[in-house]
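Engineer: sequence unknown, structure follows:
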């Protein structure tokens, strides 16, 4: 009897081992989500990492997110997604054409992140993605205030009595950089009806508030002195900014400030004496220029073309694409 029981137990164990296992429904797993996307580098100039491009999808849409780092910003983004590489707009020589990509945005002001949403319909299971951007990085080369660099040209007028201006105040370069001392060597007397043109190595930028400061020397109560202030980008076409005078005192100096108005930037400033000689003595010599000052930071703006890292397009131009598996 014991032998029979042992044989029965062994038989049951074998049957249990051979019986098919219960089949459960597989869990749906999304390998790429907004919190854990597929990520590739965004490269400028082939090897400068300026950010990343992240990709994920849900049941209906594909999401492509651009993000920049290290002070880089995007002024344009262009995106093409297709089931095959042939669906990416290209020239006959297989150089991609970002301007013809289906998804395109100009960013003004520049942005550090931007996301496109693309319906999954028609993308297949392994779409090709070409992600392009125009990026820029702005750094301060010279913080404001900074001064004019060079005297381009000048015509010194005369004193009221028609004689030449004193030698001590007739050096044009004395009208470039601010000098605090009450000395004739601290300024340039333009003379009645005279003028001077100065230039900036780094052009003055049109920013928030006033952009240009004119510092004049008067050293106390004195009849009105005036000068028209012009700005130019090329030294040929001039825009009148306003009239400087000697009424706004700051110590022994007088200050006049101006906005560049319609000009986005200016390299040249022209100061033209318009003083009425009538109330002045015979020794008067018009507007006394101490310095011409930029009130905006001197900026360096680097611009680059960037592509999401991947495989080189067949054309000669540097441009890349990558693939994504729909999750």
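Structural biologist: Everything's here; your move. The shown structure was predicted, so the numbers you read here are calculated from the model rather than taken from an experiment.
Engineer: residue boundaries of the helices in the stretch 101-250 of the chain?
Structural biologist: Assigned by DSSP state H, counting those that start in this stretch, the helices in the stretch 101-250 of the chain number zero.
Engineer: where in the stretch 1-150 of the chain is pLDDT low?
Structural biologist: 1-30 (pLDDT under 70).
Engineer: can you give me the strands for it?
Structural biologist: 38-44, 48-57, 61-68, 72-82, 103-111, 113-119, 128-142, 146-147, 150-155 (DSSP state E, counting those that start in this stretch).
Engineer: which other helices and strands contact the longest one?
Structural biologist: Using 3 or more Cβ pairs under 8 Å, 6 or more residues apart in numbering; DSSP states H and E as the contact criterion, the secondary-structure elements in contact with strand 128-142 are strand 38-44, strand 48-57, strand 61-68, strand 72-82, strand 298-308, strand 320-323. C-beta here means a position set from N, CA and C on the backbone, and glycine is covered the same way.
Engineer: try 6 Å
Structural biologist: strand 72-82, strand 298-308, strand 320-323 (3 or more Cβ pairs under 6 Å, 6 or more residues apart in numbering; DSSP states H and E).
Engineer: Tell me what angle that strand forms with strand 113-119.
Structural biologist: Using axes from the mean of the first three to the mean of the last three Cα atoms, to 10 degrees, the inter-axis angle of strand 128-142 relative to strand 113-119 is 170 degrees.
Engineer: Give me whichever of the helices and strands packed on strand 128-142 is most buried.
Structural biologist: Comparing the helices and strands packed on strand 128-142 by mean neighbour count (mean count of other Cβ atoms under 10 Å), strand 72-82 comes out on top with a mean of 22.
Engineer: could you give the angle of it to strand 61-68?
Structural biologist: Using the same axes, to 10 degrees: strand 72-82 against strand 61-68 is 150 degrees.
Engineer: Just list whatever residues bridge to the most centrally placed residue in the chain.
Structural biologist: By Cα atoms, centre = their mean, the chain has its centre lying nearest to residue 138, at 4.8 Å. Taking DSSP bridges as the rule, residue 138 bridges to residue 301.
Engineer: hang on, isn't it packed against residue 299?
Structural biologist: Yes - distance between residue 138 and residue 299: 5.5 Å, which falls inside the contact criterion (Cβ atoms under 6 Å).
Engineer: who touches residue 288 in this structure?
Structural biologist: Contact analysis of residue 288 by Cβ atoms under 6 Å, 6 or more residues apart in numbering lists 187, 189, 216, 217.
Engineer: Let's see that with 10 Å instead.
Structural biologist: 165, 169, 174-175, 184, 186-191, 215-219, 222, 225, 227, 246, 253-254, 273 (Cβ atoms under 10 Å, 6 or more residues apart in numbering).
Engineer: Would you format the strands of the stretch 1-150 of the chain as JSON lines with distance to residue 291 included?
Structural biologist: Formatted as JSON lines, the strands of the stretch 1-150 of the chain follow (distance: least, Cβ to Cβ, whole Å):
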{"stretch": "strand 38-44", "distance to residue 291": "39"}
{"stretch": "strand 48-57", "distance to residue 291": "39"}
{"stretch": "strand 61-68", "distance to residue 291": "38"}
{"stretch": "strand 72-82", "distance to residue 291": "34"}
{"stretch": "strand 103-111", "distance to residue 291": "32"}
{"stretch": "strand 113-119", "distance to residue 291": "42"}
{"stretch": "strand 128-142", "distance to residue 291": "15"}
{"stretch": "strand 146-147", "distance to residue 291": "6"}
{"stretch": "strand 150-155", "distance to residue 291": "12"}
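Engineer: for those, which one sits closest to residue 294?
Structural biologist: Residue 294 sits nearest to strand 146-147 of all those, at 5.3 Å, using Cβ to Cβ.
Engineer: And the closest one, what does it pack against?
Structural biologist: strand 195-205, strand 288-294 (3 or more Cβ pairs under 10 Å, 6 or more residues apart in numbering; DSSP states H and E).
Engineer: from the chain's centre, how far out does the last one sit?
Structural biologist: Right, strand 288-294. How far strand 288-294 lies from its chain's middle: 28 Å, per Cα atoms, centre = their mean, to the nearest Å.
Engineer: quick revisit: let's have the helices and strands packed on strand 128-142 in JSON lines, adding distance to residue 33.
Structural biologist: Output for those, formatted as JSON lines (distance: least, Cβ to Cβ, whole Å):
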{"stretch": "strand 72-82", "distance to residue 33": "18"}
{"stretch": "strand 298-308", "distance to residue 33": "19"}
{"stretch": "strand 320-323", "distance to residue 33": "18"}
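Engineer: Could you point out which of the ones you listed sits nearest residue 45?
Structural biologist: The nearest among those, by Cβ to Cβ, is strand 298-308 at 5.6 Å.
Engineer: All set, thanks.
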